[in-house]
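Colleague: Quick one, structure for this:
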Amino acid sequence: MKYTFFLFLLICFESILLSAPAQAPQNLPAGKLFIIGGGNRSPQLMKKMLATAALGPKDYVVVLPMSASEPDTSFYYFKEDFQPVCNAPVANLNFTSDKVNDKNWLDSVKHARLIFITGGDQERFMAVVLNTPVYHAIHAAFNNGSTIAGTSAGAAVMCEKMITGKELTDTIYNATFKKIHANNIHIAKGLGLLNNAVIDQHFIVRSRYNRLLSAMASLPSYACIGIDEATAIIVEGNRITVTGESQVVLMQKPRGLQITPSGLIKMKSLQLSIYTTGDVFFINLH
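Modeller: The predicted structure follows:
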């Protein structure tokens, strides 16, 4: 009788364990990412970014324009899009080599509720930020619950491994790759706010499929995400929500990936998904 009762308890305990919901991933940053594929920033898209950041009455926004060749111009156009939908204070912090240790500026980054990284050249941005206190200030803000947003180059820099846009076998820049060839795509270190994924931007407008397929061949375990213009993804932990006017293309899980003797990339299959506003998908990003 005692054995039967013990067996009954054991079965009940096992049933409870199996029916319990899966634990949420631990140690994920408290912040969110709002990643725009470039192009037009409509009032609706700006409002969605503000809703994601959940600005309070005492919160402010920091713009980091270091990607731009003309940082003040990039800041001006951000304010043109921002001010019609929000009256929160906006600070233009154009970090240069002589400002990366400025304590007041760094504190402003750490405590901003929303940090926006402008378009331009992602390598120009990382040349200023990488291995400096600015890099750590951005991470501190993200870990503490701030939203980090960016467009175009500001989208590319989100990743741990960042597409620079350069072709290693061609010295002439093209907006889209003309071939799918091994060892052609240049990948550099980015901010590392988004791990295990690669972001490409202006994706459908500039037909950047060859470029993202090249990235997939170099990083086959990564999720490769192409965001079109006037469109964004909102990253909350491992959950990704699409918003905006166009589409997001997800490429992942290539099978039978090989490189021919002449350097051509081939694969038997891959998982391809196309999402539009309101769609949600999940990826192991951290």
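Colleague: Now the spatially closest residue to L270 that is not a sequence neighbour: phi and psi?
Modeller: Sequence neighbours aside, P254 is the residue nearest to L270 in space, at 4.5 Å (criterion: CB to CB, 6 or more residues apart in numbering). All C-beta spots, glycine's among them, are computed from the backbone N, C-alpha and C. Dihedral angles of P254 (phi, psi; degrees, to the nearest 10) stand at phi -70, psi 140.
Colleague: wouldn't P254 be in contact with I265 here?
Modeller: No. Here P254 does not reach I265: they are 9.3 Å apart, not a contact under CB atoms under 8 Å.
Colleague: how about the helices in the stretch 151-286 of the chain?
Modeller: 153-156, 209-218 (DSSP state H, counting those that start in this stretch).
Colleague: most tightly surrounded among these?
Modeller: Greatest average neighbour count among the helices of the stretch 151-286 of the chain goes to helix 153-156 (a mean of 29), per mean count of other CB atoms under 10 Å.
Colleague: who touches that helix?
Modeller: Residues outside helix 153-156 that contact it (CB atoms under 8 Å, 6 or more residues apart in numbering): 35-38, 64, 67, 116-122, 124-125, 162-165, 190, 199-201, 227.
Colleague: Narrow those to just the buried residues.
Modeller: Neighbour counting with 16 or more other CB atoms under 10 Å marks 35-38, 64, 67, 116-122, 124-125, 162-165, 190, 199-201, 227 as buried within the contacts of helix 153-156.
Colleague: all strands for the stretch 151-286 of the chain, in order.
Modeller: Taking DSSP state E, counting those that start in this stretch as the test, the strands found in the stretch 151-286 of the chain are 161-167, 185-189, 197-201, 223-227, 231-236, 239-244, 248-255, 258-259, 265-266, 269-275, 280-282.
Colleague: How about the secondary structure of K48?
Modeller: Under DSSP: H, G, I helix; E, B strand; the rest coil, K48 falls in the helix class.
Colleague: mind putting the helices of the stretch 151-286 of the chain in JSON lines, mean pLDDT and distance to S273 included?
Modeller: As requested, the helices of the stretch 151-286 of the chain are exported to JSON lines (pLDDT from 0 to 100; distance: least, CB to CB, whole Å):
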{"stretch": "helix 153-156", "mean pLDDT": "98", "distance to S273": "19"}
{"stretch": "helix 209-218", "mean pLDDT": "95", "distance to S273": "13"}
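Colleague: hmm, back to that, any shared contact partners between P254 and I265?
Modeller: A217.
Colleague: Could I get the strands of the stretch 151-286 of the chain in a markdown table, plus columns for distance to G31 and mean pLDDT?
Modeller: Listed next are the strands of the stretch 151-286 of the chain as a markdown table, based on distance: least, CB to CB, whole Å; pLDDT from 0 to 100:
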| stretch | distance to G31 | mean pLDDT |
| --- | --- | --- |
| strand 161-167 | 19 | 86 |
| strand 185-189 | 20 | 95 |
| strand 197-201 | 16 | 97 |
| strand 223-227 | 18 | 98 |
| strand 231-236 | 9 | 98 |
| strand 239-244 | 13 | 98 |
| strand 248-255 | 20 | 97 |
| strand 258-259 | 38 | 96 |
| strand 265-266 | 35 | 96 |
| strand 269-275 | 22 | 97 |
| strand 280-282 | 18 | 97 |
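Colleague: Quick one, which of the ones you listed gets closest to N131.
Modeller: Among the strands of the stretch 151-286 of the chain, the nearest to N131 by CB to CB is strand 185-189 (9.3 Å).
Colleague: Run me through the strand neighbours of the closest one, direction for each.
Modeller: strand 161-167 (antiparallel) (DSSP bridges).
Colleague: Send over the strand it pairs with as CSV, restricted to the C-alpha atoms.
Modeller: C-alpha atoms of strand 161-167 as CSV (Å, rounded to 0.1, in the frame of the first residue of the first chain):
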residue,chain,number,x,y,z
LYS,A,161,28.9,40.4,-36.9
MET,A,162,28.1,43.3,-39.2
ILE,A,163,27.8,43.5,-42.9
THR,A,164,29.8,46.4,-44.1
GLY,A,165,28.6,46.4,-47.8
LYS,A,166,32.1,45.8,-49.2
GLU,A,167,32.9,43.0,-51.6
